[in-house]
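Asker: Predicted model and sequence follow; I will ask about them next.
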Amino acid sequence: MILINTFYKNPSLPLVVIFLVVIAGRIRNILRQMRLLFKSAIVISLFLSFSPSISLGQTNLDFNEDKFLVDILWDKFINLSKESRPSAALVLGGGGARGFAHIGVLEIMESEGVPIDLVVGTSMGSIVGALYCSGMPMANVRKLSENIKWGEISNLNIPSLFMMLISEDLLSNEDLEKFLNKNIGTIDFSDLKIPLICIATDLNTGERILLREGSVAFAARASATIPGIFKPVEYNQRYLVDGGLYENIPVDIARIFNPDIVITISVAADISKNSTSSVFNSLMQAIYIQGRVFDGENLAKSDIVISPSVGDVSATELNRASEVIRRGFIAGRQSIENVKMILINKTKGKELFE
Amino acid sequence: MNKIISLLTIIFVFFAFSQISAAAVLPEMSDEQISSSIDAVFAQKRNKDNIKKIEDFAESLFQNKKYDYSRRIYIDLLKESPSKKKTFLYNVKLGDICVEEKNYVQGLLYYEEAQSLYDDNLALYLKIGSVLFGNGLYTHARSVFLNALKIDKKSNEAREKLGEISFILEEYVDSIRYYESIDSKNYNENMAMNMVHSYQRLNQKQKAADFGKTYLLIYDDFAAYFTMGKLYFDNKDYKEAKKYLIESIKKDNRNFSAYLYLAYIALNHENNIDEAEFFLGKASDIDSSYSSLDIMYSMLYNKAGDIKSAKKYAQSANQKAKTAFTKQESQNLLDYLNSKTDSPIRK
């Protein structure tokens, strides 16, 4: 015990012991021992000072087999002709400003070369679908969207809302059609690079209307006409409004065309988080609740569902476009491997392995 | 001269021993001896010097992983109602002990206790954040590191961790933003690789490649070359991909993945069956248990016209498959080959 206390109080005590040994022994032999100790001490101190970072070779534990197979088979897949690969339909759900998330997802799909053979869109899904199917690069669509305001695509503002309440005269989203024509050209459906179907609702009969011909900008506008706020769009003696009134995620429409795979991007609202403080928001909430009836069934009919985390974004928050696009990008990045796997799985062996 | 050498040696040994004496002694002490030592030091009169020695002793016990004894000292010190500063210190130390013992909840409780005394201690925030990060609680960790940045806007450690958290959560824009706010002199290998991957995933392919090349000048190792090789492979620049993958295997000739990618490039983009076979042989020497290796062999023999061997490897791949995807694709391959007839001539 005394020894332990002594050691603790006097760390230099071992030194004293060694010194005595040095003095007591023969100088020449002790010198030889000290030289050896000196060299060993240098080695030890060098070892202690410079811990070498041992770079281990990448072991097989690091090898992701699925990732490797997806990489090499996708490399073959993207070079296949349309006839040799499975067909894919893309369903873009409605959601107002939440629909900006479609842009983020499509950026990923575009950069990875995912081939799409048909797009079916509702409301904002139709607008983004129109831009995508026209061949506009998604980077350009992103830039277009990040600064968009209600005033550019409608006459919606506080004074006009007030006038609407007084006069019962609905607002107009005609500017949306002009906006689309300006950016994609006054094109028809036949001019599109990828076939598109815009879903609208006949306000008089409640029927679902598939818009597949004529002006693309007109069809997208009709699909995104919010009932009760914007005037219905007249079309062949029908009065068309937002397709989400009937069904927000039209997977069954996509299935009619027998694609091998249906990819759905759902930008559903989390109705528990939505504000219902204004006439506009209340109307939108009513549409979401209505649309939810079929959404669940439709999602189950999809081969893959990509759900960007945008439930907390209100349909009217165009100012959050950048943030919503980014969330779509994240969801797209998280889902792309699954998309590739499903497409590869649906491809015949002859096409992939020949 | 001999005396001078002796003197120098003694000085050196003295230096070494004085640094490690306490630590050198402790591992040799039995638990009973340590316990008695603790009793002895606590029996001494309290003054500044003695408290310092007690703290040093507790620290050396901690360094020697004698956590129970170290903890005992700190708890006993806390019982003596020390100053606010000392209370803070002892709670942090107790937290450190719990973290070392992987008792993270208790550790965080001690840290919280310390934080209630001094809410602006950067080091403590970094400790708390690191514990949360280490346990996969990335969102909570992020909040803590953001608070750390409020205390010190220049904290590179906080920014690095925020960058890493953003990367893990696939928020690549934020990841890049945090990393780029750190002086490049302070980059480490993990940060650099995360940045390359982040640029790549943001479709900033050129930036990823440029940054990757700069990063290679610093981290000249197999992982860096492999990352660059994969980057170029994903960008479909197979010539550049091959160059970097070969450098990768020069640095580490047991890089299994690199051999497989090289085999694929040789087979499908250069039509070089012999080279592909060479690379597959190397991969096989490292580990022949992977289904994907046999799929590659099957593709090779199919290309060479040896359908019998191709089927054999496809069958083997199917048996070895460990994931649903690999199983499906090996079956797909096998079904395709079964529909073909043998053609014995190798091209």
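Answerer: Arrived safely.
Asker: Check which helices and strands the longest strand anywhere in chain A sits against.
Answerer: Secondary structure assigned by DSSP state E gives strand A:196-202 as the longest strand of chain A. Other helices and strands packing on strand A:196-202, by 3 or more CB pairs under 8 Å, 6 or more residues apart in numbering or on different chains; DSSP states H and E, are strand A:118-122, helix A:124-133, strand A:208-211, helix A:216-223, strand A:238-242. From N, CA and C alone the C-beta is placed, and that goes for glycine too.
Asker: Let me have those in TSV, extended by mean neighbour count, distance to A:Ala88 and mean pLDDT.
Answerer: Below are the helices and strands packed on strand A:196-202 laid out as TSV (neighbours: other CB atoms under 10 Å in any protein chain shown; distance: least, CB to CB, whole Å; pLDDT from 0 to 100):
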stretch	mean neighbour count	distance to A:Ala88	mean pLDDT
strand A:118-122	28	8	97
helix A:124-133	28	13	96
strand A:208-211	19	19	94
helix A:216-223	28	21	95
strand A:238-242	24	26	90
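Asker: related to what we said a few turns ago, give the pairing partners of the longest strand of chain A; include direction for each.
Answerer: Paired neighbours of strand A:196-202 in the sheet (DSSP bridges): strand A:118-122 (parallel), strand A:208-211 (antiparallel), strand A:238-242 (antiparallel).
Asker: Could you pull up the mean pLDDT of the helix or strand B:Ala223 falls within?
Answerer: Assigned by DSSP states H and E, B:Ala223 falls within helix B:222-234. Averaged across helix B:222-234, the pLDDT comes to 89.
Asker: Name the nearest residue to the closest residue to chain B within chain A, ignoring sequence neighbours.
Answerer: Nearest to chain B in chain A, going by CB to the nearest CB, is A:Gly349, at a distance of 2.9 Å. Leaving aside its sequence neighbours, A:Gly349 sits nearest to B:Tyr336 (CB to CB, 6 or more residues apart in numbering or on different chains; 2.9 Å).
Asker: wait, what's in contact with the one you found?
Answerer: Going by CB atoms under 8 Å, 6 or more residues apart in numbering or on different chains, B:Tyr336 touches A:348-350, A:352-354.
Asker: Is it possible to mark the buried ones in those?
Answerer: Neighbour counting with 16 or more other CB atoms under 10 Å in any protein chain shown marks A:349, A:352-353 as buried within the contacts of B:Tyr336.
Asker: In TSV, list the residues you listed along with secondary structure and pLDDT.
Answerer: Shown next, in TSV, are the buried ones among the contacts of B:Tyr336 (DSSP: H, G, I helix; E, B strand; the rest coil; pLDDT from 0 to 100):
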residue	secondary structure	pLDDT
A:Gly349	helix	91
A:Leu352	helix	91
A:Phe353	helix	90
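Asker: Closest to B:Lys207 out of the residues you listed?
Answerer: Nearest to B:Lys207 among those is A:Leu352, at 32.2 Å by CB to CB.
Asker: what's near enough to touch that closest one?
Answerer: Going by CB under 8 Å, 6+ apart, A:Leu352 touches A:73, A:76-77, A:344, B:329, B:332-333, B:336.
Asker: ok, and the most crowded of the residues you listed?
Answerer: Highest neighbour count within the contacts of A:Leu352: B:Glu329, with 29 neighbours (other CB atoms under 10 Å in any protein chain shown).
Asker: In a helix, that one, correct?
Answerer: Yes - with DSSP: H, G, I helix; E, B strand; the rest coil as the criterion, B:Glu329 is part of a helix.
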